[in-house]
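>>> Sequence first, then the predicted structure, then my questions.
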Amino acid sequence: MTADHTEQNDLSYSDAPPILIGASSDAAMARAVLTIEAAGHRIGDTVMLDSALERVGQQIAATAIWLEFDRDCGPPMDDVLDYLCKGVTDGRFAAVVSSTPELIDPISARIDEGRIELIVDADEAGRAAALAIATAQAGMRQRLSDVASDQSAARLRQLSDEVSRIAATLARLSSGPGAVAPIIDSPLKADAPEVSVETVRTVIRARRLRARYFSEELFADPAWDMLLDLLQAEIAHLRVPVSSLCIAATVPATTALRWLKTMVSEGLFVRRADPHDGRRVFVELAPETSRALRSYFAEVGSPAVI
């Protein structure tokens with residue numbers, strides 16, 4: 001379906017390019033349709049995954065592509081995700097990919113485009129927020145009125161600023177006051193302070209114990225939890241897939257993935273393809289992030305702050 005044209009400067013709702021939906025099952029399709037319709041957007045077409053790639057390629061204009069997965073569809077899923085990344089990178093459309101926790105690794109392995117919204121078992125407010133962000137990226141007028149969605153979208157926009165602050169702090173710890181920030185891709189220097197894996201594990205255990213006595217929401221700090229988990233893995237010479245890092249963040253998977261995306265874009269984390277499994281990627285600390293964390297532990301000493 002092609003978009004209608006108007007001579008006015010602003011597009012009306014009926015003139016706006018539609019949203020296309022691809023899904024892995026009838027149940028997944030029904031949920032995606034419900035989300036799009038509740039947001040007041042026009043649906044251009046609904047297609048099952050096996051024909052989604054061809055259908056998306058035929059679309060002249062679209063506000064966004066919404067893909068809903070409730071099962072692993074193998075190569076067809078990989079192919080449509082690859083095409084989706086290229087389309088978003090080329091600016092053809094925005095995109096939202098909704099999945100289950102079991103699909104985090106194979107989907108994350110295909111999505112290296114930061115502008116794609118990836119949500120996992122999200123509630124309706126989270127799904128609406130993802131759609132709002134996607135359509136905003138496409139330059140379209142927002143049609144969402146749910147207050148919770150607006151608050152979620154506002155919070156997500158704060159992630160980049162918050163992670164930038166963390167990056168700046170880590171850079172100061174690593175380089176010292178007034179020093180020029182080092183290049184992230186430089187190798188870890190030999191004089192980086194030594195930190196034992198048990199020291200980091202003790203901090204992580206102490207942080208987890210708080211949940212026995214207080215609500216986890218009081219202490220939600222996914223950036224720090226992910227930093228600690230990756231430092232522990234680095235010292236122990238272990239590799240951390242995306243799904244494991246999301247668990248370590250102790251927040252909903254969708255929130256963890258957004259933090260991960262921002263941390264990668266800020267140069268704090270690095271994604272590494274699994275050489276033995278094309279459907280999985282690992283996450284590790286950038287060299288200077290590692291150095292900064294080690295310097296932090298060396299400065300704090302035994303009574304480590306949790």
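Looks like it came in fine. Residues are numbered from 1 along each chain as shown.
>>> How about residue 242: what's its closest non-neighbour residue?
Once flanking residues are discounted, residue 242 sits nearest to residue 108: 4.2 Å by CB to CB, 6 or more residues apart in numbering. From N, CA and C alone the C-beta is placed, and that goes for glycine too.
>>> So which bits of stretch 31-46 are buried?
31-33, 35-36, 39, 41-42, 44-46 (16 or more other CB atoms under 10 Å).
>>> swap in stretch 80-87?
Neighbour-count burial for stretch 80-87, counted by 16+ other CB under 10 Å, picks out 80-81, 83-85, 87.
>>> Quick one: those residues as TSV, columns for distance to residue 211 too.
Shown next, in TSV, are those (distance: CB to CB, whole Å):
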residue	distance to residue 211
80	38
81	34
83	41
84	36
85	36
87	41
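>>> For the protein, which element, helix or strand, carries the lowest mean pLDDT?
helix 147-175 (a mean of 55; mean pLDDT, DSSP states H and E).
>>> Which elements pack onto the helix or strand just after that one?
For helix 147-175, the following helix or strand on the C-terminal side (DSSP states H and E) is helix 197-209. With contacts taken as 3 or more CB pairs under 8 Å, 6 or more residues apart in numbering; DSSP states H and E, helix 197-209 sits against helix 222-235.
>>> tell me the mean pLDDT for the helix it packs on?
Confidence over helix 222-235 (mean pLDDT, whole number) is 95.
>>> After that helix, which helix or strand is next? Please name it.
As assigned by DSSP H and E, the chain's next helix or strand after helix 222-235 is strand 240-241.
>>> Excluding chain neighbours, what is closest to residue 102?
residue 72 (7.3 Å).
>>> Does residue 42 touch residue 18 like I think?
Yes: the criterion here is CB atoms under 8 Å, and residue 42 meets it with residue 18 at 4.5 Å.
>>> Count residues in the vicinity of residue 300, would you?
Residues near residue 300, counting by other CB atoms under 10 Å, number 12.
>>> Give me the phi and psi angles of it.
phi -70, psi -40 (degrees, to the nearest 10).
>>> Among the buried residues of stretch 80-87, which lie within helices?
Of the buried residues of stretch 80-87, the ones assigned to helices by DSSP state H are 80-81, 83-85, 87.
>>> Model confidence at residue 304, what's the number?
So, for residue 304, pLDDT stands at 54.
>>> What is the subsequent helix or strand relative to the strand or helix carrying residue 21?
According to DSSP H and E, residue 21 maps onto strand 19-23. Using DSSP H and E, the helix or strand that follows strand 19-23 in sequence is helix 26-38.
>>> residues contacting residue 47?
Contact partners of residue 47, counting by CB atoms under 8 Å, 6 or more residues apart in numbering, are 20-23, 55.
>>> and which of those is nearest to residue 137?
residue 20 (15.7 Å; CB to CB).
>>> That closest one contacts residue 54, doesn't it?
No: Residue 20 lies out of contact with residue 54 (CB under 8 Å); the separation is 11.8 Å.
>>> So for the two, which residue has more residues nearby?
residue 20 (25 against 11).
>>> The more buried one bridge partners, please.
Listed by DSSP bridges, the beta-bridge partners for residue 20 are residue 45, residue 65.
>>> now it: how far from residue 94?
11 Å (CB to CB, to the nearest Å).
>>> separation between residue 125 and residue 231?
Taken as CB to CB, the span from residue 125 to residue 231 is 33 Å.
>>> How about residue 193?
Residue 193 is 12 Å from residue 231, by CB to CB.
>>> mind listing what's buried in stretch 103-116?
103-111, 115-116.
>>> any idea how far stretch 87-101 is from the chain center?
Centre-to-centre, stretch 87-101 and its host chain are 12 Å apart (CA atoms, centre = their mean, to the nearest Å).
>>> Using PDB, write down the CA coordinates of it.
The C-alpha coordinates for stretch 87-101 follow below in PDB (Å, rounded to 0.1, in the frame of the first residue of the first chain):
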ATOM      1  CA  GLY A  87      16.400  -0.400   6.000                       C
ATOM      2  CA  VAL A  88      16.800   1.400   9.300                       C
ATOM      3  CA  THR A  89      20.400   2.300   8.600                       C
ATOM      4  CA  ASP A  90      19.400   3.700   5.200                       C
ATOM      5  CA  GLY A  91      16.600   5.700   6.800                       C
ATOM      6  CA  ARG A  92      13.700   4.000   5.000                       C
ATOM      7  CA  PHE A  93      11.800   3.300   8.100                       C
ATOM      8  CA  ALA A  94      12.000   2.900  11.900                       C
ATOM      9  CA  ALA A  95      11.600  -0.500  13.500                       C
ATOM     10  CA  VAL A  96      10.400  -2.300  16.700                       C
ATOM     11  CA  VAL A  97      11.300  -5.900  17.400                       C
ATOM     12  CA  SER A  98       9.300  -7.600  20.100                       C
ATOM     13  CA  SER A  99      10.500 -11.000  21.400                       C
ATOM     14  CA  THR A 100      10.500 -13.500  24.300                       C
ATOM     15  CA  PRO A 101      13.500 -13.900  26.700                       C
END
